[in-house]
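Undergrad: Generate coordinates for the sequence data below:
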Amino acid sequence: MELAKLKVKNAHYDALIIPFGSELEITSFIPEEANAPVNAAIEGGFFKGEDGEIYKLSMLAEGKILNIVLVGLGSKDKINNRSLFLAFSKAYSACKKLKAKTIRVVLDNAKEYIENYYVVEKICEAALLVDYEFNEYKSEVKPSTLERVEFDTSYDRFDEALAEAIVCAESTILARNLINQPPAYMTPAKLAEEAQNVGEECNIEVNIIHKPEAEELGMNAFLAVGKGSVNSPKVIVMKYFGDKDNEDIIGLIGKGVMYDSGGYCLKPPTSLPTMHGDMSGAAAVVGAMRAIAKMKLKVNVVGVIPACENRISGEAYLPGDILKSMSGKYIEMNNSDAEGRLTLADAITYAIREQKVTKVIDIATLTGAVKIALGNKTAGIISNDDELVKIAQEASEVACEKIWRLPADKELRHALNSSIADLKNSAAGSTIGGGTILGGLFIQEFVEDKPWLHIDIASTNWAHEDLPYCPKGGTGFGTSLLYNIVKLMSK
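TA: Got it, this is the predicted structure:
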């Protein structure tokens with residue numbers, strides 16, 4: 001689908017999106033024939049301009065059906081980036097259901113709501129995200145009819161915002177595609193191949209650490225998770241240096257468990273069909289690295305993805321095993337379904353000691369507990385650095401990907417104490433609660449006092465129902481968040 005700035009007011013289109021604030025005023029040019037029905041909808045009380053409200057009407061214009069979608073933005077003093085993103089996502093979705101081909105979006109009708117760079121960027125991005133479908137394994141496909149969206153706007157930075165929107169949307173869609181591929185296809189080797197393709201496209205250096213090298217490095221916690229699979233584990237390293245005179249290097253660490261059976265601590269049958277989504281953190285890092293390089297941010301970033309499969313076999317690791325991590329710390333593995341933190345521990349140590357990263361950001365589908373705590377629209381974050389949290393919260397507003405800080409509560413740390421090792425990987429059987437916090441506290445043991453941010457996306461990585469901006473399946477959550485965190489850190 002093509003996105004562009006409207007150049008000819010009377011150009012042909014078959015759907016018209018008109019945003020309204022609570023004032024319900026037509027302040028921009030719309031086709032003369034549309035004035036009467038739009039005013040009738042407003043005056044008759046059928047459309048009130050409330051936040052996220054959608055009202056559809058159709059009319060005959062020049063012998064053709066013109067679909068008009070009115071979208072409410074609500075009161076100006078109550079809006080935020082995400083509410084506007086959701087409102088326009090609903091409007092695009094309505095046009096898609098109406099089988100529109102060309103849409104005109106009259107942004108200037110709500111100019112005072114929208115004239116903000118990040119708002120314009122997300123409104124443009126939403127059009128591409130809404131149009132996304134994963135149809136690779138359908139024998140009969142009815143593709144979307146959307147071909148072109150034209151934005152009627154006088155905003156002076158529109159072209160710049162549109163260019164960034166396209167890059168960010170494409171990168172999120174890349175992440176969605178990686179997540180949605182079935183586990184028989186999306187193996188550690190295949191993810192490595194996809195990362196290398198991104199490297200070639202964007203001039204990112206990509207190195208793959210195979211099992212023998214990982215063994216030499218002492219990445220035993222990571223390797224233990226992958227022991228039960230015939231598909232060999234890989235550590236994917238993506239390096240982008242956009243500010244070579246700067247010694248600061250941001251490490252993005254993405255959990256890449258390509259399939260998580262739970263190991264011998266087997267997951268329930270209802271959970272297993274979507275466990276190829278356990279590599280959503282890895283997908284977000286690949287997508288974010290693409291966007292960072294495409295936008296040529298002046299910053300140094302190393303992405304590290306420990307990719308493996310947590311399966312059951314005669315070779316699989318067992319609860320009760322003692323694992324020596326790359327850091328030198330010994331881990332009592334008492335829960336094979338708390339595997340992601342084991343892979344991240346070694347990946348973080350590698351990033352710090354071998355790649356010399358100065359800040360650590362990890363993203364992972366780490367705990368089911370985060371959904372209990374925050375619901376399915378908000379990711380949990382834990383950190384040892386208030387400034388990094390502040391940046392993440394600002395990036396969250398820009399990216400329209402919600403986060404909420406949970407405490408790195410030291411009073412809970414004793415639940416990870418082990419009588420036979422330095423620590424254990426799970427507080428299984430404990431009545432202390434705080435599963436998401438404990439997962440973060442485990443990871444914190446390996447950050448070597450570097451500024452660190454942990455993002456738990458187990459609540460947001462997968463849509464179990466169609467959302468205004470994403471169909472069922474992988475959401476790509478975290479791609480835009482990571483990109484915007486790095487962008488803010490580059491300033």
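Undergrad: check which helix or strand covers residue 90.
TA: For residue 90, the enclosing helix or strand under DSSP states H and E is helix 81-97.
Undergrad: what does residue 42 give?
TA: Here residue 42 is assigned to helix 32-43, by DSSP H and E.
Undergrad: next SSE after that helix?
TA: Heading towards the C-terminus - elements assigned by DSSP H and E - helix 32-43 is followed by strand 54-61.
Undergrad: could you check the angle helix 81-97 makes with that following strand?
TA: 40 degrees (axes from the mean of the first three to the mean of the last three Cα atoms, to 10 degrees).
Undergrad: Strand partners (parallel or antiparallel) of strand 54-61?
TA: Next to strand 54-61 in the sheet, as set by DSSP bridges, lie strand 64-74 (antiparallel).
Undergrad: for the strand it pairs with, which positions count as buried?
TA: When burial is assessed from 16 or more other Cβ atoms under 10 Å, strand 64-74 yields the following buried residues: 66, 67, 68, 69, 70, 71, 72, 73, 74. All C-beta spots, glycine's among them, are computed from the backbone N, C-alpha and C.
Undergrad: Most widely separated two among the residues you listed?
TA: For the buried residues of strand 64-74, the maximum inter-member distance is 25.8 Å, found between 66 and 74 (Cβ to Cβ).
Undergrad: List the contacts of residue 364.
TA: Residues touching residue 364, when contacts are defined by Cβ atoms under 8 Å, 6 or more residues apart in numbering, comprise 254, 255, 281, 340, 341, 344, 454, 455, 456, 457, 458.
Undergrad: Make CSV out of the buried residues of strand 64-74 and add pLDDT.
TA: What follows is the buried residues of strand 64-74, written out as CSV (pLDDT from 0 to 100):
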residue, pLDDT
66, 89
67, 95
68, 96
69, 98
70, 98
71, 98
72, 98
73, 98
74, 96
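Undergrad: Tell me the one of those residues nearest residue 250?
TA: The shortest gap between residue 250 and any of those belongs to residue 73, at 35.1 Å (Cβ to Cβ).
Undergrad: was I right about that closest one contacting residue 17?
TA: No - using Cβ atoms under 8 Å, residue 73 makes no contact with residue 17, being 11.8 Å away.
Undergrad: for the biggest helix by length in the chain, packing partners?
TA: Taking residue count as the measure and DSSP state H as the definition, the longest helix of the chain comes out as helix 158-180. Contacts of helix 158-180 with other secondary structure elements, assessed using 3 or more Cβ pairs under 8 Å, 6 or more residues apart in numbering; DSSP states H and E, are made with strand 2-5, helix 117-130, helix 188-202, helix 280-294, strand 473-474, helix 479-489.
Undergrad: Need the winner for burial among these.
TA: Of the helices and strands packed on helix 158-180, the one with the most neighbours on average (mean count of other Cβ atoms under 10 Å) is helix 280-294, at a mean of 29.
Undergrad: Just checking: what are the partner strands of whichever helix or strand comes after that one?
TA: On the C-terminal side of helix 280-294, the closest following helix or strand by DSSP H and E is strand 300-310. Strand pairing for strand 300-310, determined by DSSP bridges: strand 234-241 (antiparallel), strand 250-254 (parallel), strand 256-260 (parallel).
Undergrad: As TSV, the ones you listed with distance to residue 183, mean pLDDT and mean neighbour count would be great.
TA: Supplementary listing: these in TSV, determined by distance: least, Cβ to Cβ, whole Å; pLDDT from 0 to 100; neighbours: other Cβ atoms under 10 Å:
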stretch	distance to residue 183	mean pLDDT	mean neighbour count
strand 234-241	15	98	23
strand 250-254	17	99	29
strand 256-260	4	98	29
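Undergrad: So, low pLDDT: which residues of this structure?
TA: Of all residues in the chain, those with pLDDT under 70 make up the ranges 10-11.
Undergrad: Quickly list the domain ranges of it.
TA: When the chain is parsed with automatic domain parsing, its domains come out as 2-131, 168-489.
Undergrad: could you say what helices and strands the helix or strand containing residue 373 packs with?
TA: Under the criterion DSSP H and E, the helix or strand holding residue 373 is helix 369-374. Helices and strands touching helix 369-374, by 3+ Cβ pairs under 8 Å, 6+ apart, are strand 378-383, helix 435-444.
Undergrad: And stretch 166-181, how far out from the chain middle?
TA: Averaged C-alpha coordinates place stretch 166-181 at 9 Å from its chain's average position (Cα atoms, centre = their mean, to the nearest Å).
Undergrad: I misspoke; the intended subject was stretch 297-314.
TA: In terms of Cα atoms, centre = their mean, the gap separating the centre of stretch 297-314 from the centre of its chain is 16 Å.
Undergrad: can you check stretch 24-35 too?
TA: 37 Å.
Undergrad: Stretch 152-164 too?
TA: Put simply, stretch 152-164 sits 24 Å off its chain's centre (Cα atoms, centre = their mean).
Undergrad: Give me the buried positions along that stretch.
TA: Under the neighbour-count criterion of 16+ other Cβ under 10 Å, stretch 152-164 has 152, 153, 155, 158, 161, 162, 164 buried.
Undergrad: In CSV: these, plus distance to residue 319.
TA: Supplementary listing: these in CSV, determined by distance: Cβ to Cβ, whole Å:
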residue, distance to residue 319
152, 61
153, 58
155, 57
158, 56
161, 51
162, 52
164, 47
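Undergrad: if I look at the closest residue to residue 211 other than its chain neighbours, how far off is residue 215?
TA: For residue 211, the nearest residue in space outside its immediate sequence neighbours is residue 232; the separation is 5.2 Å by Cβ to Cβ, 6 or more residues apart in numbering. When Cβ to Cβ, to the nearest Å is the yardstick, residue 232 and residue 215 sit 11 Å from each other.
Undergrad: okay, the two: which has more neighbours?
TA: residue 232 (17 against 12; other Cβ atoms under 10 Å).
Undergrad: Does that one belong to a helix, a strand or coil?
TA: Under the three-state scheme (DSSP: H, G, I helix; E, B strand; the rest coil), the conformation of residue 232 reads as coil.
Undergrad: thought it was touching residue 226?
TA: Yes - judged on Cβ under 8 Å, residue 232 makes contact with residue 226 at a distance of 7.4 Å.
Undergrad: Need the residues touching each of these two.
TA: Applying Cβ under 8 Å, 6+ apart, one finds that residue 232 and residue 226 are jointly contacted by residue 188.
Undergrad: tally of neighbours for the closest residue to residue 329 other than its chain neighbours?
TA: By the measure of Cβ to Cβ, 6+ apart, the closest residue to residue 329 outside its immediate chain neighbours is residue 422, 4.4 Å from it. Each residue near residue 422 was counted by other Cβ under 10 Å, and the total is 17.
Undergrad: Can you give me every residue that contacts residue 254?
TA: For residue 254, counting by Cβ under 8 Å, 6+ apart, the contacting residues are 279, 281-286, 303-305, 362-364.
Undergrad: In contact with the nearest residue to it once chain neighbours are set aside: list those residues for me.
TA: Excluding the flanking residues, the one nearest residue 254 by Cβ to Cβ, 6+ apart is residue 285, at 3.3 Å. Residues touching residue 285, when contacts are defined by Cβ under 8 Å, 6+ apart, comprise 238, 252, 253, 254, 303, 305, 363, 482.
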